[in-house]
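>>> mind folding the following:
(2 chains)
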Amino acid sequence: MVQPLDTLHETASQTAGPYVHIGCIPSFAGLPGIYPEDLGRSPFSDGAEGEVVTITGAVLDGMGAPLRDAMLESWQADAAGRYPGTPGADPHVSGFCRFAADKDTGEFTLRTIRPGAVTGHDGRAMAPHISLWIVARGINIGLQTRLYFEDADNSADPLLARIDPPTRAQTLIAQRMAPEAYRFNIRLQGEGETVFLDI
Amino acid sequence: MTDGRLIPRRRDLHPVPRDADYKTSVTRSPTLPLLSLESTPSEETGPRFGHDLIGPLDNDLIRNFSRGEALAIGERIRVHGRVLDENARPVPHTLVEIWQANAGGRYRHVKDTYFAPLDPNFGGCGRTLTDENGVYEFMTVRPGAYPWPNRGNDWRPMHIHFSVFGHAFGQRLITQMYFEGDPLIDRCPIAATVRDRAQLDRLVAPLDMGASRPMDYLAYRFDIVLRGHRQTMFENRPEGM
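Got it, this is the predicted structure:
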């Protein structure tokens, strides 16, 4: 026998289920009025510095069908690469957004500020990115991934550089469709499966 | 001291992503390995929510749907506990959200077509912030068990969904609380996605008579553990690395 460690185990995840909207975005779920508004409706408010971009996409299952019950959360830095809550961060950027797949089409939309590059612990810059967390019925533990921008310089990003084979890094890069408009599909499995993170 | 890095997740203590007995997971689970990396500021920071967010009835599901005008139907229960991290430290001032079926096992959701009736005075969601000691509590009614389309005759045990933030986006967690003594837990393919029996047992809240109130409500205790930050006295890395 040895001394027991006085550490705890993280609580096991369970699927968010088909009714996650009731708990997290009740107005979207058709239960207005319990809270003044759904949490995380927008990651920025009027007066935020930077370029507003709109990202649309869908979460696709292994058959290529869009999930119509997925909920996503995003977390990002402000236009200068500062995370909300850190010194000097833009007070008009909360950095957090909740958005759901449309219940009929499965399409989601994230309207946000284009984030700046963030410096990692090793002093290297991470290319501008938005962290994403995806939950739904059938997803037993929330899926972490990142969204990068096609028209940014992603060549030195430490995370993208770790992806093997390198061609899979394309799954994390939002395609520019028009000025300030991007497309980002998330494929849960199968051909073109998105790189998900354990980070 | 913490150096900010999150302790890597023990994936073996979480549910298997793909389980043939939970059919929807089959086409919704990644089949390629996850990319494992040490956390960065993107995962070590996260949204913070203030007490101004929380209304006085937000953690009272018995009354919040009717705005205090009428009481929800069902067995009155208090659900309380602490949010801790893996270093057994309380996680203060963090948002906890819950949602659940009503006492008959019906969700107030457009996609729930079970014929158990809706309760006109029950919405089914609540939220609160932990206090400085990581403590939270809700008043609600015991949710009913209900059937769901999966295998031939699957029923969900009584459960409450929990969503917890912590202070880092990499700590984000959604889980479910079950109730002590429910025989449906061991028949549930969703509960069974957690292969580690001790981890599943930790999702089962014990009856807590000491926290109940005579002639009013029973209590259940549910503690939640989030990922911790690595504790260190010193860093082995050269300056600037």
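
>>> how near is the residue nearest the centre of chain A to A:Thr194?
Residue closest to the average C-alpha location in chain A (C-alpha atoms, centre = their mean): A:Leu132, at 1.7 Å. Distance of A:Leu132 to A:Thr194, given as C-beta to C-beta, to the nearest Å: 9 Å. For glycine as for every other residue, the C-beta is placed from the backbone atoms N, C-alpha and C.

>>> need the residues touching each of those two.
Here A:Leu132 and A:Thr194 have A:Thr145, A:Ile186 as joint contacts, going by C-beta atoms under 8 Å, 6 or more residues apart in numbering or on different chains.

>>> hey, what's the residue nearest the centre of chain B bridged with?
Closest to where the C-alpha atoms of chain B average out (C-alpha atoms, centre = their mean) is B:Phe162, at 2.3 Å. With DSSP bridges as the criterion, B:Phe162 is bridged to B:Ile98, B:Thr175.

>>> re earlier: quick one: contacts for the residue nearest to the centre of chain A?
By C-beta under 8 Å, 6+ apart, the contact set of A:Leu132 is A:Leu72, A:Glu73, A:Ser74, A:Gln144, A:Thr145, A:Arg146, A:Leu147, A:Ile186.

>>> narrow those to those in helices?
When these are checked against helices (DSSP state H), there are no matches.

>>> hey, what's the residue nearest to the centre of chain A bridged with?
A:Ser74, A:Thr145.

>>> and the pLDDT at it?
Looking at A:Leu132, its pLDDT reads 98.

>>> so how far is B:Phe169 from it?
For A:Leu132 relative to B:Phe169 (C-beta to C-beta), the value is 10 Å.

>>> equivalent analysis for B:Phe162, please.
17 Å.

>>> quick check: closest non-adjacent residue to A:Gln175.
The shortest distance from A:Gln175 to any residue other than its chain neighbours is 4.7 Å, reached at A:Arg183 (C-beta to C-beta, 6 or more residues apart in numbering or on different chains).

>>> tell me how many other residues crowd that neighbour.
Residue neighbour count, defined by other C-beta atoms under 10 Å in any protein chain shown, stands at 14 for A:Arg183.

>>> so what's it up against?
Applying C-beta under 8 Å, 6+ apart to A:Arg183 gives the contacts A:Ile55, A:Thr56, A:Gly57, A:Ala174, A:Gln175, A:Met177.

>>> out of those residues, who's nearest B:Phe115?
A:Gly57 (36.0 Å; C-beta to C-beta).

>>> residues near B:Phe65, how many?
26.

>>> now do B:Thr130
Every residue meeting other C-beta under 10 Å relative to B:Thr130 is counted, giving 23.

>>> these two touch, right, it and B:Tyr136?
Yes. Assessed by C-beta atoms under 8 Å, B:Thr130 is found in contact with B:Tyr136 at 4.9 Å.

>>> which neighbours do the two share?
Joint contacts of B:Thr130 and B:Tyr136 (C-beta under 8 Å, 6+ apart) are B:Arg82, B:Val83, B:Val96.

>>> contacts only, for the first one.
B:Arg82 makes contact with B:Pro90, B:Thr130, B:Asn133, B:Gly134, B:Val135, B:Tyr136, B:Asp223, B:Ile224 under the criterion C-beta under 8 Å, 6+ apart.

>>> distance of the fourth one from chain A?
In this structure, B:Gly134 and chain A are separated by 12 Å, where distance is defined by C-beta to the nearest C-beta, to the nearest Å.

>>> find the nearest non-adjacent residue to that residue, please.
B:Pro90 (2.9 Å).

>>> isn't that neighbour up against B:Val83?
Yes. Judged on C-beta under 8 Å, B:Pro90 makes contact with B:Val83 at a distance of 7.0 Å.

>>> remind me, longest strand of chain A?
When chain A is parsed with DSSP state E, its longest strand is strand A:52-60.

>>> oh sorry, the question was meant for chain B
Longest strand in chain B, counting by DSSP E: strand B:76-85.

>>> what helix or strand does B:Leu118 sit in?
Using DSSP states H and E, B:Leu118 maps to neither a helix nor a strand.

>>> next, count neighbours for it.
14.

>>> can you pull out the strands in chain B?
Under DSSP E, chain B gives strands at B:2-6, B:35-36, B:76-85, B:95-99, B:125-129, B:135-141, B:146-148, B:154-156, B:159-164, B:173-179, B:204-205, B:218-221, B:224-226, B:229-231.

>>> need those in CSV (columns: distance to A:Arg162 and mean pLDDT).
Formatted as CSV, these follow (distance: least, C-beta to C-beta, whole Å; pLDDT from 0 to 100):
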stretch, distance to A:Arg162, mean pLDDT
strand B:2-6, 16, 83
strand B:35-36, 6, 98
strand B:76-85, 27, 98
strand B:95-99, 32, 98
strand B:125-129, 36, 98
strand B:135-141, 37, 98
strand B:146-148, 39, 97
strand B:154-156, 39, 98
strand B:159-164, 29, 98
strand B:173-179, 25, 98
strand B:204-205, 38, 98
strand B:218-221, 42, 98
strand B:224-226, 25, 98
strand B:229-231, 20, 90
